[in-house]
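Visitor: Below are the sequence and a predicted model; questions follow.
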Amino acid sequence: MRAVVCRAFGPPEDLEFGGLPAPEAGPGEVAIRVEAAGVSFADTLMIRDLHQNKHELPFAPGMEVAGRVAETGAGVEGLSPGDRVMALVYDGGHAECAVAPAAETFPLPDGVSMPAAAALGAAYLTAHAGLFWEARLKPGETLLVLGAGGGTGLAAVEVGKALGARVIAAASTAEKCALAAERGADAVLTYPVESIRERAMAETGGEGCDAVFDPVGGDLFEESFRSLGWGGRHVVVGFAGGAVPAFRANHLLVKNRAALGLALFNYRKRRPDRLRASAEALFDWAAAGRIRPHIAAELPLEEAPAALRAIMDRKAAGRLILRP
C-alpha cells in the first residue's frame, strides 16, 4: 500500500513516500480503508522518537483516521465491512490502510464527512475529555484556552462553547485569534502582546477564570494558572511551547485551585467507556452543526512532511488533513 514511511527517526523532511505491507486485522481489531487522516503535534514527536508511544522502524505515522471498514478480526462485534468509521490508531494512519482496536473505532453518523471525522479525532477527544471529564466544566463558567489557534486549542474553544461556557481564547497571532472568534470565542487576546492574567481578570470582573485548557505550557503556564479564580482548574494537555514548566505546589493552596493532567493515551487504555461517550457527544454536535472543525487544508499523502513541519513550527491554524 502507499504510505508515508519513517525509516529513521528525525525531522519531517527525512520521511519518505513509498510502500509498506498492508496490515491485516488481528483479534479484536478492524482494518480500515483510510479516506482521511489527521496530522497532529503527537505525530511530530513520533517521527523523532520523542513520544511515549514507541515504534519499530519502518512505520507510517498518523494516529487518527476516518474511512470504511475493510475487514474485522476475530471477536469484533457491531462493525461490518463498508461501515463508515472514525478510529484512533497507534501509528499507520498516514497510509491507504490502517488497523485500529475495535474499542477505539467509532461508527459515524451520515451527517459527518470523512475529513470532518478525521479532524474530530485526537484533538477534539482531548478537548472533550479535558473539559467535560477532568475540568467538569459547567454552563456559565469561564474558560481560558491557550494555543487557541492550533488544532487542539481551537477544538477546546468549540467544545467549551458547546458545553455552555464563556470562552476567552489566547493565541500567538491576530489571525489565530480571529479564527477562534469565528469559532465562537467570547473574547480573544494575543500573547505576548497582552498580559494573559490582566486580561483574564478584566474579563471576569476580577474573579478569575473557572478553568484553563493548556496545550502550550512553557512560559505561559504560571501566568495562566494565576488567572484562575476560586476553585479554578488548570488542565495540562501538552507542551507545544517547548519547555515543561516547574510547578510550585503552594500555588494550589491559593483559592483552592487544582492542576490536572490529561493524556488521551490513558483514556484509551483505562477509560474506554468515557472515550466512546466523548466520541458520541462530538459526533452528535457535529451532525447538528454545533461544532465545525476548521480544516486549514486537505493534502495528498506526498505532502505529509510539509504538513508536519507546519505543525512543528506552529504555523498551522486548525487541522491539516491527509487524503490517501
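Guide: Right, received. Where do you want to start? Numbering: from 1, shown residues only.
Visitor: quick one: the helices in the protein?
Guide: For the chain, applying DSSP state H gives helices covering 41-46, 114-119, 122-128, 151-162, 174-182, 196-203, 220-225, 264-270, 272-287, 304-312.
Visitor: As TSV, those helices with mean pLDDT, mean neighbour count and distance to residue 56 would be great.
Guide: C-beta coordinates here come from the backbone N, C-alpha and C atoms, glycine included. Output for the helices of the chain, formatted as TSV (pLDDT from 0 to 100; neighbours: other C-beta atoms under 10 Å; distance: least, C-beta to C-beta, whole Å):
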stretch	mean pLDDT	mean neighbour count	distance to residue 56
helix 41-46	91	23	12
helix 114-119	96	26	25
helix 122-128	95	28	22
helix 151-162	95	29	27
helix 174-182	93	19	37
helix 196-203	95	18	42
helix 220-225	89	20	34
helix 264-270	88	16	18
helix 272-287	95	18	25
helix 304-312	94	20	20
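Visitor: Let me have those in TSV, extended by distance to residue 29.
Guide: As requested, the helices of the chain are arranged in TSV below (distance: least, C-beta to C-beta, whole Å):
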stretch	distance to residue 29
helix 41-46	20
helix 114-119	19
helix 122-128	19
helix 151-162	26
helix 174-182	37
helix 196-203	44
helix 220-225	38
helix 264-270	14
helix 272-287	14
helix 304-312	24
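Visitor: and of those, who's closest to residue 104?
Guide: Nearest to residue 104, of all the helices of the chain, is helix 264-270, at 6.0 Å by C-beta to C-beta.
Visitor: Quick check: can you list the domain ranges of the protein?
Guide: 2-120+293-322, 127-263 (automatic domain parsing).
Visitor: Measure how buried residue 218 is and give me the count.
Guide: 15 (other C-beta atoms under 10 Å).
Visitor: ignore the last one, residue 14
Guide: 13.
Visitor: Same check on the one 5 residues further on?
Guide: The local packing count at residue 19 equals 12, with neighbours defined by other C-beta under 10 Å.
Visitor: if I pick it, what's in contact with it?
Guide: For residue 19, the contacting residues are 1-3, 5, by C-beta atoms under 8 Å, 6 or more residues apart in numbering.
Visitor: Give me the buried entries from the residues you listed.
Guide: 1-3, 5 (16 or more other C-beta atoms under 10 Å).
Visitor: Need the max-distance pair from those.
Guide: Most distant of the buried ones among the contacts of residue 19, by C-beta to C-beta, are 1 and 5, 10.8 Å apart.
Visitor: for the chain, which spans come out with low pLDDT?
Guide: Scanning the chain for pLDDT under 70 picks out nothing.
Visitor: Tabulate the domains of the chain (JSON lines), appending distance to residue 284.
Guide: Listed next are the domains of the chain as JSON lines, based on distance: least, C-beta to C-beta, whole Å:
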{"stretch": "domain 2-120+293-322", "distance to residue 284": "8"}
{"stretch": "domain 127-263", "distance to residue 284": "10"}
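Visitor: do you know which of the ones you listed lies nearest residue 287?
Guide: So among the domains of the chain, domain 2-120+293-322 is nearest, using C-beta to C-beta, at 3.6 Å.
Visitor: Distance of the nearest residue to residue 36 once chain neighbours are set aside relative to residue 110?
Guide: With C-beta to C-beta, 6 or more residues apart in numbering as the criterion, residue 36 has its nearest non-adjacent residue at 3.9 Å, and that residue is residue 118. Residue 118 sits 16 Å away from residue 110 when distances are taken as C-beta to C-beta, to the nearest Å.
Visitor: Please point out which parts of stretch 251-258 sit buried.
Guide: In stretch 251-258, counting by 16+ other C-beta under 10 Å, buried: residue 257.
Visitor: Run the chain-centre distance for that stretch.
Guide: 27 Å (C-alpha atoms, centre = their mean, to the nearest Å).
Visitor: List of residues touching it?
Guide: 208, 225-226, 228-234, 259.
Visitor: Just the buried ones from those?
Guide: The buried subset of the contacts of stretch 251-258 - by 16+ other C-beta under 10 Å - is 208, 225-226, 228-229, 232-234, 259.
Visitor: give me phi/psi at residue 173?
Guide: phi -140, psi 160 (degrees, to the nearest 10).
Visitor: Tell me which residues touch the residue lying closest to residue 221 once chain neighbours are set aside, please.
Guide: Excluding its sequence neighbours, the residue lying closest to residue 221 (C-beta to C-beta, 6+ apart) is residue 245, at 3.8 Å. Applying C-beta under 8 Å, 6+ apart, we find residue 245 in contact with 217-219, 221-222.
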